[in-house]
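# sequence? don't have it. structure:
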């Protein structure tokens, strides 16, 4: 890699760090090509991205971003997972790491906050942004459905009483 390619890579990584909401740093020692491909697919499906990086260039790209505090995590064979959604990358990496011991989570950052391994795991247990939106929409729609049911109930009860009265009168 010549200097121009390195500077372009640093600039591209810097842009990704500026746009990201969360970054998770992992050790990927011993993962096969098939396992990395499966990991990338799983992360992509979650709405995040995964990149194997060069440590020195990544530390340069972190300069001037909100993720500067995680620069010390870049030692050894590292890779990063990042996303705009504050939960997507952490959840995808954590789920993959549960089934594969070769992927080790080193830590991460959520905005200016540096996260330990436990912090990343805790973040992974939270519902994603889309799940929260769905729950909120369900909570908003539920009261309207209940109100409609309550308003219809007295009319239905009156109709049943009148029907019973009419049947009683017919029988007599």
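That came through fine. As the structure is a prediction and not an experimental result, all values here were calculated from the model. Numbering: from 1, shown residues only.

# excluding residues flanking it in the chain, which one is nearest residue 75?
residue 55 (6.4 Å; CB to CB, 6 or more residues apart in numbering). Yep, even glycine has a C-beta here, placed from its N, CA and C like the rest.

# so for the residue nearest the centre of the chain, what's the pLDDT?
In the chain, the centroid-proximal residue (CA atoms, centre = their mean) is residue 88; its distance is 1.8 Å. On pLDDT, residue 88 comes in at 88.

# contacting residues for it?
Residue 88 is in contact with 22, 46-48, 128-129, counting by CB atoms under 8 Å, 6 or more residues apart in numbering.

# cutoff 7 Å now
Contacts for residue 88 (CB atoms under 7 Å, 6 or more residues apart in numbering) come out as 46-48, 128.

# farthest pair within those?
Taking every pair in the contacts of residue 88 and measuring CB to CB, the maximum separation is 10.2 Å, between 48 and 128.

# between these two, which is the more surrounded one?
residue 48 (25 against 18; other CB atoms under 10 Å).

# what about the more buried one, distance to residue 86?
From residue 48 across to residue 86, the span is 11 Å (CB to CB, to the nearest Å).

# ditto for residue 111
According to CB to CB, residue 111 and residue 86 sit 8 Å apart.

# so this protein: which segments form each domain?
3-126, 128-172 (automatic domain parsing).

# average pLDDT for the shortest one?
Model confidence over domain 128-172 averages 73 on the pLDDT scale.

# and what of stretch 103-110?
On average, the pLDDT along stretch 103-110 is 91.

# now do stretch 21-35
90.

# where along this protein do the helices fall?
Remark: helices assigned in the chain by DSSP state H are 3-19, 33-45, 55-62, 88-99, 117-125, 129-171.

# distance from the shortest one to the middle of the chain?
Here helix 55-62 shows a centroid-to-chain-centroid distance of 24 Å under the convention CA atoms, centre = their mean, to the nearest Å.

# which of the helices of the chain sits most buried?
Greatest average neighbour count among the helices of the chain goes to helix 88-99 (a mean of 22), per mean count of other CB atoms under 10 Å.

# so it versus helix 117-125, what angle?
110 degrees (axes from the mean of the first three to the mean of the last three CA atoms, to 10 degrees).

# when you give positions from now on, start the count at 726
Will do, 726 is the new start, and the previous item becomes helix 813-824.
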